[in-house]
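Colleague: Dropping the sequence and predicted coords here.
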Amino acid sequence: MSKRKVPRFELEDDAVTGINVTPLVDVCLVLVIIFMVATPMLSQPAFDVKLPTAKTKEGEEQDKITLSLGADGRVAVDSMEFTDLAAMQKALKAGLAGTESGLVVIRADREATHGRLTDLMGRAKAAGARSLTVATEQKKL
């Protein structure tokens, strides 16, 4: 009987001495990208709010009515000051009838009360204003 040689696996001299980490790095980078994309979605509010921007830009000149509110409650439409809010609303309505844009720019003192400002905004809308803008000073850098 002859002995058959059974093939044996022999180790070669250039055996694998390390682990290939390239696939591991690829997977880690993909996970980092997924987390970077998903993280902003975790802190979404319940509803969208349009926040005001800090920077202002030069707008095109339009016909507008300026409504001023002082810290002490004084109200003026363009250059005419009013003590009676009903008379102010009539003048505002008459002024808005002469404009195409229906734009009202509200210049409110920073010390004016929020309630007074919202009251003026409501009266301006009732007088026929199509859009309201609150004037602010540009921040100095």
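Modeller: Alright, I've got the coordinates. Numbering: from 1, shown residues only.

Colleague: average model confidence for the lengthiest helix in the chain?
Modeller: Of all segments of type helix in the chain, defined using DSSP state H, the longest is helix 22-42. In this model, helix 22-42 has a mean pLDDT of 90.

Colleague: ok, residue 67 - how many residues close by?
Modeller: Neighbours of residue 67 under the rule other Cβ atoms under 10 Å: 25. C-beta: built from backbone N, CA, C; applies to glycine.

Colleague: That one sits in which helix or strand?
Modeller: strand 64-69 (DSSP states H and E).

Colleague: With just CA atoms, put that strand into CSV.
Modeller: Provided in CSV are the C-alpha atoms of strand 64-69 (Å, rounded to 0.1, in the frame of the first residue of the first chain):
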residue,chain,number,x,y,z
LYS,A,64,-44.5,104.2,3.4
ILE,A,65,-46.2,105.6,6.5
THR,A,66,-44.1,105.9,9.6
LEU,A,67,-45.8,105.2,12.9
SER,A,68,-43.8,106.4,15.9
LEU,A,69,-44.2,105.3,19.5
